[in-house]
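Novice: below: sequence and its predicted model.
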4 protein chains.
Amino acid sequence: MNTFGRNFRCTTFGESHGLAVGAVVDGCPPGIPLTEADIQPYLDRRRPGKSPLESGRQEADRVEILSGVFEGRTTGAPIALVVRNRDVRSEDYDALRDVFRPGHADYTWQEKYGLRDHRGGGRSSGRETLARVAAGAVAVRCLEPCGIVIRGRVIEVHGAAEPEAMEAEIRAARDAGDSVGGIVEVTATGCPAGLGDPVFGKFDAAIAGAMMGIGAVKGVEIGEGFGAARLFGSEMNDPITETGFASNHAGGILGGISTGQEIVVRIAVKPTPSIRKAQRTVDLAGEEREISVEGRHDPCIAPRVVPVAECMLAIVILDALLEQAKYRGFGATGHGVGA
Amino acid sequence: MNTFGRNFRCTTFGESHGLAVGAVVDGCPPGIPLTEADIQPYLDRRRPGKSPLESGRQEADRVEILSGVFEGRTTGAPIALVVRNRDVRSEDYDALRDVFRPGHADYTWQEKYGLRDHRGGGRSSGRETLARVAAGAVAVRCLEPCGIVIRGRVIEVHGAAEPEAMEAEIRAARDAGDSVGGIVEVTATGCPAGLGDPVFGKFDAAIAGAMMGIGAVKGVEIGEGFGAARLFGSEMNDPITETGFASNHAGGILGGISTGQEIVVRIAVKPTPSIRKAQRTVDLAGEEREISVEGRHDPCIAPRVVPVAECMLAIVILDALLEQAKYRGFGATGHGVGA
Amino acid sequence: MNTFGRNFRCTTFGESHGLAVGAVVDGCPPGIPLTEADIQPYLDRRRPGKSPLESGRQEADRVEILSGVFEGRTTGAPIALVVRNRDVRSEDYDALRDVFRPGHADYTWQEKYGLRDHRGGGRSSGRETLARVAAGAVAVRCLEPCGIVIRGRVIEVHGAAEPEAMEAEIRAARDAGDSVGGIVEVTATGCPAGLGDPVFGKFDAAIAGAMMGIGAVKGVEIGEGFGAARLFGSEMNDPITETGFASNHAGGILGGISTGQEIVVRIAVKPTPSIRKAQRTVDLAGEEREISVEGRHDPCIAPRVVPVAECMLAIVILDALLEQAKYRGFGATGHGVGA
Amino acid sequence: MNTFGRNFRCTTFGESHGLAVGAVVDGCPPGIPLTEADIQPYLDRRRPGKSPLESGRQEADRVEILSGVFEGRTTGAPIALVVRNRDVRSEDYDALRDVFRPGHADYTWQEKYGLRDHRGGGRSSGRETLARVAAGAVAVRCLEPCGIVIRGRVIEVHGAAEPEAMEAEIRAARDAGDSVGGIVEVTATGCPAGLGDPVFGKFDAAIAGAMMGIGAVKGVEIGEGFGAARLFGSEMNDPITETGFASNHAGGILGGISTGQEIVVRIAVKPTPSIRKAQRTVDLAGEEREISVEGRHDPCIAPRVVPVAECMLAIVILDALLEQAKYRGFGATGHGVGA
């Protein structure tokens, strides 16, 4: 399943060291102004090699729109977005051809498919997220006229919550040939009430699936999240007043449907599995091996997850907006948001 | 979206105070032995009124199989499962007709649909989970010959982790007219490696969506979960040895695909929103009101979430097994689990 | 796949001689007035035993709405519709337990599932269409306020096109222990322009799939249909004038999208495969057998296909209307029907 | 909906006069040998400009595989196929910018989307089928080791059934500035019994939807098709003998499931709507206009529909094979093809 979304559908393709990575966006509303310049800034934010704390891979990551836009506006036809790979150094990975890197998908993909493209992680590489970011940037563009704004940031790295302390943790890990995890928070303001579908298409269920589907994510929470397990009902419930909700412990979602408040999501990002430190593993023949993963890797992947998480949230929100719009003016007496 | 699953598809219906609650299971493999007696124990575990710490609603919850089974075996045709509602006291809810209960879906459903069945929460009631449990019990039955066993338990209530302490927390909350949250852990043993689909159909993404889609759940984590954010890569990565993985920080999933180890999932359950304590809210006209939710409610919903979470996990696993089986013997040289 | 539709989704269940036949309708717009009395007339039209030319099976076919309607209006929750089977004479079918009836699904279901419910055709019985008709009647109810009217009729039986001649053909076939085929035409007026989705979700593709999915249908055509193969472009093309299209050879669909004209569909219905005349077949052991299908069968199924075809068309149209409504008022400059 | 298929999923993109046309194939089994050379012959068969009776557009139509293949074999990852457009003469279409060509999608797309790419028909151009053919060629490659062979041919043009007569009809139409329709037959041999899903996913329903989704197709029939409406049951039913079915009036499908016999499908192709002869139409402002469609057009599109229909049938069959394989060896006693 390389397609995400029900109404705004994004299909991605491409491997880390293949010819290109890209996405086809189907279901984009027609008439939306769109050029490569709307998408490129998101790819630039995601791009590696911007600081000494990030992977040294140098990719221009220039996106090309192959279809679906005519005279500067979307037409309703599928929008194909392609980014050619350039700085491919597959020989870095030759040593890994027959070895399973711990913490990576190498072993599981081999089990699943019986063969795999080992170069740079192939399809399971973080580079795949480039395609989601391109597609998500289109969703962000569609949400703009609706007044919906999405923002993400790293709120914790290896237990540290202050910017300087976070950077120090990353630096220390890098110098030790190790890596560290972190927590990313993503929020959305401007979402109308009524988004999300009971019972299995809950808004929070869709968000959780989207976020857990980002590589390296091991946990997702909404509003109080795991903290809710330690609260009384009288603390957790958000009182409703004439002017709206008096608090937002729910994180903007009740019963799987948006309340109109800010959507608040946090995700746990595991430490980058690629580390220089020696690790035990086996090869294809089942023989034990010691491995030290050289190459160009981020010692903490959390900062680069930020635009990916933003874009996934944008897709989920746009998808829910389109779903909800179905009942508008349909003939029913009451049917939803602002009806 | 009242349908869950791609291959083993479960569609649920029914309201808390309507005539019946039920499910239609489509895509169940043919030839599986199945009777009502395979399903009933799961409904019994989920049923309210079993202890003084639970809702006093008395429902026999007898399931009837209307179709899809012939001479004791599934036929491949859809299996309709129906449970008639009996102990319906809708008049308990008359006072709530025009008032939004804090922490409930009342407000958001009204916003979404423009009207709602207020009796006992209608479709957004926890009683809907009965249908999932019935469908999930069918999935559990299908997994048995595969040697896959799923188990759930409450591991924390309001911060307490010992059974006695948990019970004390629930009792204290009930006596105070309040409620408490908790954490449920669900595990699956016997899952083969290779389940789950990159990129958007990751096994952990499917689990996260399934779990977050259970009412009252505000967080989901796999393996180390949020704890992974505080680890070094050298701590998080599971070494691979000749005899298998040396640890299971990953919770049985790498790169979105099962490793063959135990699947470990934890979910955060918020405190029951229905509490006797007075709360501020508004009515349909927007006027402020004070509300004290009477009726029959569990002071902690976590114990009753356990069979629901088990059943959702069973559906996700069976669904992935069926998906993976597609490539079996298809003509490719290597294609998956046990190939 | 026992679910049909993308937005208005209908899942059916039940076997001819099981406990019940029914449907769950998901995605019905909220606020639509609906009672059993809206559905029953469609079931009555489809019901057997109304004339000596039809199957003698006597079923009251009373539908019960189990969920999704509150105080006479749909709520947006799934609508479960159940019809209990009553006049079940399974012993009529004992002789058929191990024999494959020619022209029926007996052999293919056995091949597919490895076992089957042989009683009255089980799930492959024409009785399954009862569930579609129930669901389709809900769709018809939703289309009413939109001014969309669907009508079907038999236009040919065994080559005869006049009512009296058609009846004579049916009578003659019945008396000979044989059966005859026919052609049904279904039309829809009031459909707005703009329905249907390029490229694979074309309106005519959806109609063709829906119609060919009715048992016994062997052909589908739109507008001129097969006749178009014998025309010049200058004859087939419908000129456009200031007051609209000057003709309707296209049958209301161009490029897979509705033109706003009448939708015209014709389907070929094969002769009822159950005939008293002796036929050659084999049994489960592969031994040759002669079979004469006794029991209660229509000598021409075309008249009873009419309400089924109407209901399938209603579902397709409603589904497309909901799909099209997604882009309404979304922020794009132009986006569809009546925008 | 620019995606087709449930297991073998093909998403197409691109406009006639845009930068490129292409497809992303998701769900292809891993380990299948595949290179551009497997796909190119299908594109060549579909390509225009091969004879004086076809459109004069000159396109090399060279396909490039961007992803999903590693060392000559499919990996299970999505396969992106791209064909760059080259011989684009958009200025030919300037005169058509504000005019609706009769028989084309111009009017309906404008109604649906509120704007359109008018150049060469944009997304509604027959050039889109190039992407389906590329994807279908991959399906054909997968079917090869299964022994399934698909063949299509034109069996009628404007009523003529002999090759010379068909060519004469096309030539005469071209010389008159007109066009003619025809009938295409597609067959598949080697399909196992048991393919297709009751009730709504019938094999014939899937085929009908696939075929009617090809532009210019106005009718689809299986086996006897419309002829079945004129037969007796005793003529239509295929007797079953110890050595198999004694005839194939059913066209290889009974009860929506394949019988193991040859699959026989016929489709009606309307005359090419683009003709030089003057026609009445209106422009965007609703003013009446006379139009003569110049440019490069086939006077009969049926021959070029042949590879498209073959490829769509290949996708439907492969999709059904993958679906059916799900139940293989799953634990049920009997479950399908060759089980």
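Specialist: That came through fine.

Novice: who's in contact with A:I291?
Specialist: The contact partners of A:I291, by Cβ atoms under 8 Å, 6 or more residues apart in numbering or on different chains, come to A:L96, A:V99, A:R101, A:P102, A:A278, A:Q279, A:R280, A:T281. Using the backbone N, CA and C atoms, a C-beta is placed for each residue, glycine as well.

Novice: gap between it and A:S274?
Specialist: 10 Å (Cβ to Cβ, to the nearest Å).

Novice: ok, which stretches of the stretch 101-250 of chain A are helices?
Specialist: A:106-113, A:129-143, A:163-175, A:203-212, A:233-236 (DSSP state H, counting those that start in this stretch).

Novice: pick out the shakiest of the ones you listed, pLDDT-wise.
Specialist: The minimum mean pLDDT among these belongs to helix A:106-113 (a mean of 93).

Novice: for A:I291 and A:S274, list the residues in contact with both.
Specialist: A:R101.

Novice: inside strands: which ones of the contacts of A:I291?
Specialist: A:Q279, A:R280, A:T281 (DSSP state E).

Novice: ok, and the closest non-adjacent residue to the first one?
Specialist: Right, A:Q279. Closest residue to A:Q279 apart from its sequence neighbours, by Cβ to Cβ, 6 or more residues apart in numbering or on different chains: A:P102 at 4.9 Å.

Novice: show me what contacts that neighbour?
Specialist: By Cβ under 8 Å, 6+ apart, A:P102 lies in contact with A:P273, A:Q279, A:R280, A:T281, A:I291, B:N237, B:D238, B:P239, B:I240.

Novice: returning to that earlier point: closest to A:V264 out of the contacts of A:I291?
Specialist: Among these, A:P102 lies closest to A:V264 (Cβ to Cβ), at 33.3 Å.

Novice: wondering if stretch A:43-63 reaches chain B at all.
Specialist: No. Residues of stretch A:43-63 are not located near chain B by Cβ under 8 Å from any Cβ of the partner chain, the shortest gap being 14.2 Å.

Novice: neighbouring contacts of that stretch?
Specialist: A:36, A:39-40, A:81-87, A:129-130, A:133-134, A:137, A:167, A:170-171, A:174, A:296-300, A:303-304, A:306-308.

Novice: show me what contacts the closest residue to A:A228 other than its chain neighbours?
Specialist: Leaving aside its sequence neighbours, A:A228 sits nearest to B:K270 (Cβ to Cβ, 6+ apart; 4.1 Å). Residues near B:K270 by Cβ under 8 Å, 6+ apart: A:E224, A:A228, A:A229, A:L231, A:G233, A:M236, B:G103, B:G181, B:A216, B:V217, B:K218.

Novice: ok, back up a step: point out the most buried one among the helices of the stretch 101-250 of chain A.
Specialist: helix A:203-212 (a mean of 29; mean count of other Cβ atoms under 10 Å in any protein chain shown).

Novice: can that helix be found next to chain C?
Specialist: No. Judged by Cβ under 8 Å from any Cβ, helix A:203-212 and chain C are separated, with a smallest distance of 14.9 Å.

Novice: counting contacts, what elements does that helix pack onto?
Specialist: When contacts are defined as 3 or more Cβ pairs under 8 Å, 6 or more residues apart in numbering or on different chains; DSSP states H and E, helix A:203-212 sits against strand A:217-222, strand A:263-269, helix A:302-325, helix B:203-212, strand B:217-222.

Novice: helices or strands up against the longest one?
Specialist: Yep, that's helix A:302-325 we're talking about. helix A:36-46, helix A:129-143, strand A:149-157, strand A:182-189, helix A:203-212, strand A:263-269.

Novice: looking at the contacts of B:K270, spot the one nearest chain D.
Specialist: Nearest to chain D out of those is B:V217 (Cβ to the nearest Cβ; 29.4 Å).

Novice: can you tell me the closest non-neighbouring residue to the closest one?
Specialist: B:I267 (5.0 Å).

Novice: was I right about that neighbour contacting B:A309?
Specialist: Yes. Here B:I267 reaches B:A309: they are 6.2 Å apart, a contact under Cβ atoms under 8 Å.

Novice: return every residue with contacts to both of those two.
Specialist: Joint contacts of B:I267 and B:A309 (Cβ under 8 Å, 6+ apart) are B:V184, B:V186, B:M211, B:I214.

Novice: related to what we said a few turns ago, specify the beta-bridge partners of the residue nearest to B:V217.
Specialist: Beta bridges link B:I267 to B:V184, B:V220, judged by DSSP bridges.

Novice: and A:I65, by the same measure?
Specialist: A:L81.

Novice: and it, how many neighbours?
Specialist: Neighbour count of A:I65, defined by other Cβ atoms under 10 Å in any protein chain shown: 21.

Novice: if you rank the contacts of A:I291 by neighbours, which is first?
Specialist: A:P102 (28 neighbours).

Novice: check the gap between that residue and chain D for me.
Specialist: Separation of A:P102 from chain D (Cβ to the nearest Cβ, to the nearest Å): 22 Å.

Novice: kindly report the same for A:S51.
Specialist: A:S51 is 29 Å from chain D, by Cβ to the nearest Cβ.

Novice: how far away is that residue from A:D175?
Specialist: Distance from A:S51 to A:D175, by Cβ to Cβ: 15 Å.

Novice: circling back to that earlier point, looking at the residue nearest to A:Q279 now. What's its pLDDT?
Specialist: Reported pLDDT for A:P102: 96.

Novice: now A:S90
Specialist: 73.

Novice: what's the burial count for it?
Specialist: 14.

Novice: which residues touch it?
Specialist: A:H17, A:R119, A:G120.

Novice: low-scoring stretches of the stretch 1-150 of chain A, by residue?
Specialist: Along the stretch 1-150 of chain A, the parts satisfying pLDDT under 70 run over A:49, A:52, A:56-57.
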